[in-house]
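Undergrad: predicted model and sequence below, questions to follow.
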Amino acid sequence: MSDTATVPPPIEGLDAAIGRATEALLGQQRADGHWVFELEADATIPSEYVLLRHHLGEPDDPALERRIGAYLRRIQGEHGGWPLFHDGAFDISASVKAYFCLRMIGDPADAPHMARARSAILAHGGAGQANVFTRLLLAMYGQLSWAHVPTLPVELILLPRWFPIHLSRMSYWARTVIVPLLVLAALRVRARNPRGIGIAELFVAGAPIGQKLAPHQHRGWGIFFNGLDRVLKAVEPLWPRGLRRRAIDRCVAFVGERLNGEDGLGAIYPAMANAVMMYDALGYAPEHPQRALARRSVELLLVQREDEAYCQPCVSPVWDTALASHALMEAQGPAAVAAVRRGLDWLLPRQELEVKGDWAERRPDVRPGGWAFQYANPHYPDLDDTAVVVMAMDRLRREAPAGTAYEQPIARGVEWIRGLQSGNGGWAAFDADNVDHYLNNIPFADHGALLDPPTADVTARCIGMLAQLGAQPANDRALAASIEYLAREQMPDGSWFGRWGVNYIYGTWSVLCALNAVGLDADAPMVRKAADWLVSIQNGDGGWGEDCTSYRLDYRGHEPAPSNASQTAWALLGLMAAGQADHPAVAAGIAWLQRAQGADGLWHQDAYTGGGFPRVFYLRYHGYAKYFPLWALARYRNLRRANSRHVGHGL
């Protein structure tokens, strides 16, 4: 716990800090009412973007390549390679792609930064030890044989729903990435690579290529699936050509139905890029409407500054707008409320009410009603966003009822969320009962993220929404089941795992908000244990921090990490939801946020506190340090001003 002074900060100082942060956040609202902040991943996406251009043989863009190169060189780690998050450990796959990209841009192999990178890559077994997606890219560039890539026959898309390996059993992101990739693998596509760049120097002679099981994979399943892969490699040339043609046509139809305009297939970069390469491989000209649309969607992910540029994995306008709205409603004031109304009115038409997306495979009788994470993604709305949007609309209609009526959008959002509850009582992000865990043992799933099972953080958001709208576990069996799910998921130390945010601080904040909403007070054992855990991991400076390495499979408890604004805000919001607004740890955390506030009224952090795929892919939400600290400060002020320990909202 903090050893700093624990005297509650003066209300006047809080008002000033909240006022500066509110003004700054209002200044970043777009003209049409929404907020969207940069979403940064690691070196892989910008590297893949450059390599995509060369795969397609597109005209050179030296200025853009120069700026992407500058970005990649800046984020190179002290270890010589590239990490998955700020100041993280060496990652072989990110390093291979970044090195290949820089060589493609023109960095000489003997440049000092390239020599350091090459030495680090070779010390870790060379490019042959990269993950499946990296080896696929290298196979398309002719840097290794397709024999070193796990086989996923394109005919997979023709299999019946009951088959144990079926696309509908995989997560939405896996489906959208894999389907165009099936075509690329079936055609053994070769990148154009007009500059003729190779990276033979990254391979260790005689070393095995991708033979080891991933840490999450079980030996028995691994033996079975690796044997199956060898069989598939032997029989694949014997597939009937007509069947292969039909399978490719089905893949093209799948992609075409979900192309999603300029927002792209699945609205995520890997799927979008694979769609472009698929169309190219099938002979679609650059000006063909579908290929051109797919290519345009990729371009819209670029972030370009004068000296640097990078490519985002996706964009987060619905998420940012909904969360900024919650923070501003907590901050209060006429300007804040007016901005929230404009933001929520922007969200209204983005509710999906017509398309029954892939989620309907398991829930065909449920009506659509969700919001996506991105500007548009009708086949793939998500429950987390939907719950947060519904809670924001409900709060605004209660606190500032004049204007737009939100009753119908709220009702449809709740109906959809209720319909997608999984059998174990929890909720996942995009699907119900997506729990065929054996699939994470197939050779293609070395990332361990082929599924979308229920998680504590998303479940908590759905519980908070239902409880805020008046549901109670005493007379709502679905809600009672979800609370039982959370009880089973609580860690021995009192925390909860955070699937979509880093990590146990995020999960614990999320669940404490839900437990408060259903009426569990500070003395409830689940609540008390979680609050005690948050207090126990507070840093000496009064803030909180947690590293992405907390996702490792051999996690044995919290390890200290430098304080940052978003995780400090989550911890504070969690403690306040647990009835601990007057705890000295909360006063110390609020004081840390006040000290860390910038002259521009905002907070700034390099830490990656967003989850993509645990142990594989992390996110730096540039908005998190802008609205979560404001939210925490304002909630603390409001509770003190009301002389209350009770938070009256689901989030």
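TA: On my side now, so go ahead. Numbers count the residues shown, from 1 in each chain.
Undergrad: please make it C-alpha for all contacts and neighbour counts, starting now.
TA: Fine.
Undergrad: from the contact counts, what lies against the helix or strand Met526 falls within?
TA: Element membership for Met526, per DSSP states H and E: helix 525-536. On a contact count with 3 or more Cα pairs under 8 Å, 6 or more residues apart in numbering; DSSP states H and E, helix 525-536 meets helix 504-517, helix 565-577.
Undergrad: dihedrals phi and psi, Thr455?
TA: phi -140, psi 160 (degrees, to the nearest 10).
Undergrad: again but with Val303, I slipped
TA: The phi/psi pair for Val303 (degrees, to the nearest 10) is phi -110, psi 120.
Undergrad: quick one: residues contacting it.
TA: Glu38, Ala309, Tyr310, Cys311, Gln312 (Cα atoms under 8 Å, 6 or more residues apart in numbering).
Undergrad: columns distance to Met170, mean neighbour count and mean pLDDT on top of the helices and strands packed on helix 525-536, output as a markdown table?
TA: Converted to a markdown table, those look like this (distance: least, Cα to Cα, whole Å; neighbours: other Cα atoms under 10 Å; pLDDT from 0 to 100):
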| stretch | distance to Met170 | mean neighbour count | mean pLDDT |
| --- | --- | --- | --- |
| helix 504-517 | 24 | 29 | 98 |
| helix 565-577 | 31 | 29 | 98 |
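Undergrad: adding distance to Asn131, write the ones you listed out as TSV.
TA: Listed next are the helices and strands packed on helix 525-536 as TSV, based on distance: least, Cα to Cα, whole Å:
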stretch	distance to Asn131
helix 504-517	27
helix 565-577	30
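Undergrad: for Gln408, which of those is the nearest?
TA: Gln408 lies closest to helix 504-517 among the helices and strands packed on helix 525-536, at 22.3 Å (Cα to Cα).
Undergrad: any low-confidence regions in the stretch 151-300 of the chain?
TA: Across the stretch 151-300 of the chain, the ranges flagged by pLDDT under 70 are 211-229, 231-233.
Undergrad: hmm, back to that, what angle sits between the helix holding Met526 and helix 504-517?
TA: Interaxial angle, helix 525-536 versus helix 504-517 (axes from the mean of the first three to the mean of the last three Cα atoms, to 10 degrees): 140 degrees.
Undergrad: now helix 525-536: buried residues?
TA: Judged by neighbour count (16 or more other Cα atoms under 10 Å), helix 525-536 contains these buried residues: Met526, Val527, Arg528, Lys529, Ala530, Ala531, Trp533, Leu534, Val535.
Undergrad: measure the first one to Ser495 for me?
TA: Shown here: Met526 relative to Ser495, a distance of 9 Å by Cα to Cα, to the nearest Å.
Undergrad: how about low-confidence regions in the stretch 451-600 of the chain?
TA: Residues of the stretch 451-600 of the chain that meet the cut-off, pLDDT under 70, do not exist.
Undergrad: circling back: relative to helix 565-577, how tilted is the helix holding Met526?
TA: 140 degrees.
Undergrad: so what's the gap between helix 525-536 and the chain middle?
TA: 27 Å (Cα atoms, centre = their mean, to the nearest Å).
Undergrad: now Pro108, nearest residue through space, not along the chain?
TA: Met114 (7.4 Å; Cα to Cα, 6 or more residues apart in numbering).
Undergrad: quick one: the strands in the stretch 551-651 of the chain, in order.
TA: Taking DSSP state E, counting those that start in this stretch as the criterion, the stretch 551-651 of the chain contains strands spanning 610-613, 617-621.
Undergrad: could you export the shortest one as PDB, CA atoms only?
TA: The C-alpha atoms that make up strand 610-613 are tabulated as PDB, following Å, rounded to 0.1, in the frame of the first residue of the first chain:
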ATOM      1  CA  GLY A 610      -5.500  -3.100 -23.400                       C
ATOM      2  CA  GLY A 611      -5.900  -6.800 -24.200                       C
ATOM      3  CA  GLY A 612      -5.900  -8.300 -27.600                       C
ATOM      4  CA  PHE A 613      -4.800 -11.900 -27.200                       C
END
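Undergrad: which other residues reach that strand?
TA: So strand 610-613 is contacted by His447, Ala449, Arg499, Trp500, Gly501, Val502, Asn503, Phe617, Tyr618, Leu619, Arg620, Tyr621 (Cα under 8 Å, 6+ apart).
Undergrad: got it, and the longest one?
TA: Outside of strand 617-621, the residues within contact range by Cα under 8 Å, 6+ apart are 37-42, 84-85, 548, 606-612.
Undergrad: direction included, what does that strand pair up with?
TA: Strand 617-621 has the following sheet partners, assigned by DSSP bridges: strand 39-40 (antiparallel), strand 610-613 (antiparallel).
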